[in-house]
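**Q** Quick one: sequence and predicted model below, then my questions.
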Amino acid sequence: MASKAVRRMQDEDPSMELVQVCPEMLGGLPCPRPAAKRVKGRVYETCAEKADRKNVTGRDITDYFVKGAEATLSVAKQHKCKKAIFCRMSPSCGETGITTKLLQSNGIEVINVF
């Protein structure tokens, strides 16, 4: 189901094509995936309890995020995307996320709405 922001954008431009992707799934992570956090440019699994996340660092899963970002860029180029609408809290899609940075460096505007 599209968010209000996405529906509003579609109303403004009915010719807009939506292409649904999940960079993390494209990178090989399951859905739902374990909680993850970014530390100094790397992404690590962490615990489900938000209060303890700052103290818990599990396995490094950065490669999944990088692979997913590259696959997302490929899809975006294939569809000639000019904008991407992402979740703001994700290590992949957030304002400083791996996929966000890659798309922006390739001239694609990223909007964080969820």
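**A** Here it is on my side, so go on. Being a predicted model, the structure only gives us computed values, none of them experimental.
**Q** Assign a three-state SS to the spatially most central residue of the chain, would you?
**A** With distances taken as C-alpha atoms, centre = their mean, the residue of the chain nearest its centroid is Cys93 (2.6 Å). Look at Cys93: counting by DSSP: H, G, I helix; E, B strand; the rest coil, its state is coil.
**Q** For it, give its distance to Val56.
**A** Distance of Cys93 to Val56, computed by C-beta to C-beta, to the nearest Å: 22 Å. Backbone N, C-alpha and C define where each C-beta goes, glycine included.
**Q** do the same with Gln104
**A** Taken as C-beta to C-beta, the span from Gln104 to Val56 is 30 Å.
**Q** about what we covered before: list the contacts for the residue nearest to the residue nearest to the centre of the chain when sequence neighbours are not counted?
**A** Distances taken as C-beta to C-beta, 6 or more residues apart in numbering put Phe86 closest to Cys93, at 3.4 Å, once the chain neighbours are dropped. By C-beta atoms under 8 Å, 6 or more residues apart in numbering, the residues touching Phe86 are Ser92, Cys93, Gly94, Gly97, Thr99, Thr100, Val110, Ile111, Asn112, Val113, Phe114.
**Q** Neighbour-wise, give me the winner out of the residues you listed.
**A** Thr99 (30 neighbours; other C-beta atoms under 10 Å).
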